[in-house]
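S.K.: below is the structure, and that's it, no one-letter string:
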């Protein structure tokens, strides 16, 4: 079967009474799996959340706007965090990477059981004084249903979110992707009823992706019988903007006394990025060079 590079499409249907997004995200999910060495359940949770975040971030306006999905649960995975922009870039991590559970009643990876009960928080940072924060209790912990509920409760937008990650037997990612379909306020009853029937007939997102992983195929299935007009196409990828300079700024914020303790210890320190697991090592001499900047930071803050 042909493989496709990760990308996302945006579309309208039924004379713009429906707004829709779809994504194929196998490569970026596999990149995250390798970076964090996640179990299949953790990979599925992270892949679903990253796909959802990318489609939600596509609705942001500014090039510097960011959307973060934070899930906190009482299950063994504890939760996850993903952040996406509207340039098709996403990063994320799960709190416990090695969770293994038996399949759920449908025979699928038990993401809901791994996350448990808790809260879903969506943060939209649009470079204003304060970010917009919406929070709801988790519905199932399976992520797609929770995002569907978030749109209904926090934004009052009738939506259907479908997300899926299909794993190979060697625990690499075979397929990943999903869709977001939303009804506009002026949608008529005929359109609403037809769309609801279509969604009820869907077996699973992974089943559709395994047939054909293209986002166009996802929307053709979900919006069967509607006229679909694709309005944009964008490549998507796992991308982390961490850097050695960013971590240096973090060290400086520790303060002069803490840095002097690190220097006195005489050992290298290693810092790891939560989002991509990239590691940065600093020798005592390198930390010593940061001391003047610590003093400067203190003067600037007074």
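M.R.: Right, received. Where do you want to start? Quantities reported herein were computed from a predicted structural model and do not represent experimental measurements. Residues are numbered from 1 along each chain as shown.
S.K.: let me see the ranges of the helices in the stretch 151-300 of the chain.
M.R.: Remark: helices assigned in the stretch 151-300 of the chain by DSSP state H, counting those that start in this stretch are 189-201, 205-211, 215-222, 244-253, 256-265, 284-288, 291-301.
S.K.: relative to helix 215-222, how tilted is the longest one?
M.R.: Read that as helix 189-201. 110 degrees (axes from the mean of the first three to the mean of the last three CA atoms, to 10 degrees).
S.K.: please enumerate residues in contact with helix 189-201?
M.R.: Residues outside helix 189-201 that contact it (CB atoms under 8 Å, 6 or more residues apart in numbering) are 14, 17-18, 158, 160, 181, 183, 221-226. Placement of C-beta: from N, CA and C, glycine included.
S.K.: buried residues in that helix, which are they?
M.R.: For helix 189-201, burial by neighbour count (16 or more other CB atoms under 10 Å) applies to 191, 194-195, 198.
S.K.: swap in the fourth one?
M.R.: Using 16+ other CB under 10 Å as the burial criterion, the residues of helix 244-253 that qualify are 247-248, 251-252.
S.K.: from those, which is closest to residue 52?
M.R.: residue 247 (28.7 Å; CB to CB).
S.K.: these two touch, right, that closest one and residue 270?
M.R.: No. Look at residue 247 against residue 270 with CB atoms under 8 Å: they stay out of range, at 10.3 Å.
S.K.: which neighbours do those two share?
M.R.: Counting by CB under 8 Å, 6+ apart, the residues touching both residue 247 and residue 270 are 280, 282.
S.K.: now render the buried residues of helix 244-253 as CSV, adding distance to residue 113 and pLDDT.
M.R.: Converted to CSV, the buried residues of helix 244-253 look like this (distance: CB to CB, whole Å; pLDDT from 0 to 100):
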residue, distance to residue 113, pLDDT
247, 35, 95
248, 41, 94
251, 39, 94
252, 42, 94
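S.K.: nearest to residue 96, of these?
M.R.: Closest to residue 96 out of those is residue 247 (23.7 Å), distances taken as CB to CB.
S.K.: and the strands in the chain, which stretches?
M.R.: 7-13, 18-24, 66-73, 79-85, 89-94, 118-125, 132-137, 159-167, 173-183, 228-235, 237-238, 269-272, 279-282 (DSSP state E).
S.K.: for the ones you listed, which one sits closest to residue 203?
M.R.: strand 159-167 (10.6 Å).
S.K.: on that earlier part again, can I get the strands of the chain in CSV with distance to residue 206?
M.R.: As requested, the strands of the chain are exported to CSV (distance: least, CB to CB, whole Å):
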stretch, distance to residue 206
strand 7-13, 18
strand 18-24, 12
strand 66-73, 20
strand 79-85, 19
strand 89-94, 19
strand 118-125, 21
strand 132-137, 25
strand 159-167, 4
strand 173-183, 6
strand 228-235, 22
strand 237-238, 20
strand 269-272, 31
strand 279-282, 33
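S.K.: for residue 48, which of these is the nearest?
M.R.: Using CB to CB, the nearest of those to residue 48 is strand 159-167, at 3.9 Å.
S.K.: hmm, back to that, okay if I get the strands of the chain as CSV plus mean neighbour count?
M.R.: As requested, the strands of the chain are exported to CSV (neighbours: other CB atoms under 10 Å):
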stretch, mean neighbour count
strand 7-13, 21
strand 18-24, 25
strand 66-73, 21
strand 79-85, 24
strand 89-94, 25
strand 118-125, 18
strand 132-137, 14
strand 159-167, 24
strand 173-183, 25
strand 228-235, 13
strand 237-238, 20
strand 269-272, 12
strand 279-282, 14
